[in-house]
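Asks: fold the stuff below for me.
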Amino acid sequence: MESDAVEVAPAAEIRGTVRVPGDKSISHRLAMLGGIADGTTTIHNFAESADCQSTLGCLGRLGVKVDRDGSTVTIHGRGLDGLQRPDRELDAGNSGTTVRLMSGIMSGQPFDSTFVGDASLSRRPMRRVMDPLRRFGATLTAQDDNYLPLRIRGGDLTAIDYTLPVASAQVKSAVLLAGVFARGTTIVRESIPSRNHTEVALREFGASVRTAAGTIEVDGGVRLKGGTFTVPGDISSAAFLIAAAATLPGSRLRLVDVGINDSRSGFVSILQEMGARIRVEPKAPARGEPIADIHVEGSELSGMEIAGSWIPNVIDELLVLAVLGTRTREGIRIRDASELRSKESDRIQAAVANLRILGAEVEEFPDGLFVRGQQRLKGGTVKSFDDHRIAMAFAVSGLFAEAPVKILGADCVGISFPGFFRTLAEISS
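Replies: Below is the predicted model of the structure:
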């Protein structure tokens, strides 16, 4: 629809100081753990995103009292055994994180629950969390054994030792959260590290968690204690602004209080490896999560291949890296990223289609793509595919295209960064 289209015009440079929204991944986890903790949890700089509001809504349907005052959210915890049977379905909206992580919690509850979501979420696979949760002893059923609605009959769980078949922070987190309710010690093994926000948050809430190379253990039945937290700025939201500043000569951008957890900050390392002038200024950690101010200047980028262990770390930033490929000397090749086909859209197919509309030469693979370097985008009209990261990545393309880029369906950015287009306009000139 044209009514929610946004046009981004070419810019000369990016300048300013920005505080990006609170980290979406961390906000989800703090809210969920606050709901099953004893006492009150106060979360400052809670993410404004629609996805995190879906998590709060689901908690409310489970009897958790949630107070909101601007960006501060207060969760009145009900303890491990205090959630109430919902009187209706748990609506996760567009949020895969909500349904997959909370499935772990609901598997430990002695009542039935059902998750539903919007049309996009209803096409996303759920068997990846269903299989390990069934091993705990929970009963999970879904449409075609893979898609919403997802029905969970929880209860008496027994700890498991589970090896992740592919790197996935959501599956890992679902297993760890179920492990909080299980008898015994639950072990998760991962060959490639994925984001570790769940382990960090569990420890801050007082859970018995142990981590070693490739393994995470959590003891079941340990009571959690509420507390006060401040959510760092979202590195995945910051990535689009960093990309814009890094590729436009003369740009100088400062991003304040951004989370730089090692399991999430690979995007910055990749840009630095390609020659971007980025300076990370560390600050005092926030309850186990490292934060920093990030300073970015316009640079020339060499290009590179992104594959293997990079992929779980930068899964949310791969789209904007693909767009930046046109501005590099050698191009950007992305492999081992078939997970992109199971996100809010088939992100590989969507990125390829949009890049070609803008005149770029791009090669598509089952697990990625190759964008040739030193290309001039011509501008044009692209689709968001109702995917917030597609919309923001191609907004960045408009800054360095020869003519404006119009994004259809641009209002989906509210899923993660409600003020994105306003912020981009404020720092562009």
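
Asks: only C-alpha atoms from now on, for both contacts and neighbour counts.
Replies: Will do.

Asks: for the protein, what are the low-confidence residue spans?
Replies: 1-3 (pLDDT under 70).

Asks: show me where it has helices.
Replies: Here the chain has its helices, by DSSP state H, at 24-36, 50-61, 96-106, 127-136, 169-181, 197-204, 235-247, 266-273, 310-314, 318-324, 347-357, 388-400, 420-427.

Asks: can you put these in JSON lines and add distance to residue 69 and mean neighbour count?
Replies: Formatted as JSON lines, these follow (distance: least, Cα to Cα, whole Å; neighbours: other Cα atoms under 10 Å):
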{"stretch": "helix 24-36", "distance to residue 69": "15", "mean neighbour count": "26"}
{"stretch": "helix 50-61", "distance to residue 69": "13", "mean neighbour count": "22"}
{"stretch": "helix 96-106", "distance to residue 69": "22", "mean neighbour count": "26"}
{"stretch": "helix 127-136", "distance to residue 69": "33", "mean neighbour count": "21"}
{"stretch": "helix 169-181", "distance to residue 69": "28", "mean neighbour count": "28"}
{"stretch": "helix 197-204", "distance to residue 69": "22", "mean neighbour count": "20"}
{"stretch": "helix 235-247", "distance to residue 69": "22", "mean neighbour count": "26"}
{"stretch": "helix 266-273", "distance to residue 69": "32", "mean neighbour count": "18"}
{"stretch": "helix 310-314", "distance to residue 69": "32", "mean neighbour count": "23"}
{"stretch": "helix 318-324", "distance to residue 69": "33", "mean neighbour count": "25"}
{"stretch": "helix 347-357", "distance to residue 69": "35", "mean neighbour count": "20"}
{"stretch": "helix 388-400", "distance to residue 69": "26", "mean neighbour count": "26"}
{"stretch": "helix 420-427", "distance to residue 69": "22", "mean neighbour count": "16"}
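
Asks: can you lay out those as JSON lines showing distance to residue 407?
Replies: Formatted as JSON lines, these follow (distance: least, Cα to Cα, whole Å):
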{"stretch": "helix 24-36", "distance to residue 407": "23"}
{"stretch": "helix 50-61", "distance to residue 407": "20"}
{"stretch": "helix 96-106", "distance to residue 407": "24"}
{"stretch": "helix 127-136", "distance to residue 407": "32"}
{"stretch": "helix 169-181", "distance to residue 407": "29"}
{"stretch": "helix 197-204", "distance to residue 407": "32"}
{"stretch": "helix 235-247", "distance to residue 407": "15"}
{"stretch": "helix 266-273", "distance to residue 407": "24"}
{"stretch": "helix 310-314", "distance to residue 407": "23"}
{"stretch": "helix 318-324", "distance to residue 407": "14"}
{"stretch": "helix 347-357", "distance to residue 407": "10"}
{"stretch": "helix 388-400", "distance to residue 407": "6"}
{"stretch": "helix 420-427", "distance to residue 407": "11"}
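
Asks: what's the closest of the ones you listed to residue 113?
Replies: When the helices of the chain are compared by Cα to Cα, helix 96-106 sits nearest residue 113, at 7.2 Å.

Asks: so which elements touch the closest one?
Replies: Counting contacts by 3 or more Cα pairs under 8 Å, 6 or more residues apart in numbering; DSSP states H and E, helix 96-106 packs against helix 24-36, helix 50-61, helix 127-136, strand 147-153, helix 169-181.

Asks: which parts of the stretch 251-400 of the chain are strands?
Replies: 252-259, 277-286, 289-297, 304-306, 332-334, 362-365, 368-371, 380-383 (DSSP state E, counting those that start in this stretch).

Asks: I'd like those laid out as a markdown table, including mean neighbour count and distance to residue 413.
Replies: What follows is the strands of the stretch 251-400 of the chain, written out as a markdown table (neighbours: other Cα atoms under 10 Å; distance: least, Cα to Cα, whole Å):
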| stretch | mean neighbour count | distance to residue 413 |
| --- | --- | --- |
| strand 252-259 | 23 | 19 |
| strand 277-286 | 15 | 25 |
| strand 289-297 | 21 | 23 |
| strand 304-306 | 17 | 25 |
| strand 332-334 | 24 | 24 |
| strand 362-365 | 17 | 25 |
| strand 368-371 | 23 | 23 |
| strand 380-383 | 20 | 13 |
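
Asks: just put the ones you listed in JSON lines and tack on distance to residue 405.
Replies: Converted to JSON lines, those look like this (distance: least, Cα to Cα, whole Å):
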{"stretch": "strand 252-259", "distance to residue 405": "22"}
{"stretch": "strand 277-286", "distance to residue 405": "26"}
{"stretch": "strand 289-297", "distance to residue 405": "23"}
{"stretch": "strand 304-306", "distance to residue 405": "26"}
{"stretch": "strand 332-334", "distance to residue 405": "21"}
{"stretch": "strand 362-365", "distance to residue 405": "18"}
{"stretch": "strand 368-371", "distance to residue 405": "18"}
{"stretch": "strand 380-383", "distance to residue 405": "5"}
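
Asks: so which of these is nearest residue 190?
Replies: Residue 190 lies closest, by Cα to Cα, to one member of the strands of the stretch 251-400 of the chain: strand 304-306, at 19.9 Å.

Asks: can you spell out which helices and strands pack onto that closest one?
Replies: Counting contacts by 3+ Cα pairs under 8 Å, 6+ apart, strand 304-306 packs against strand 332-334.

Asks: give me the helices and strands touching the strand it packs on, please.
Replies: Contacts defined by 3+ Cα pairs under 8 Å, 6+ apart place strand 332-334 against strand 304-306, helix 318-324, strand 368-371.
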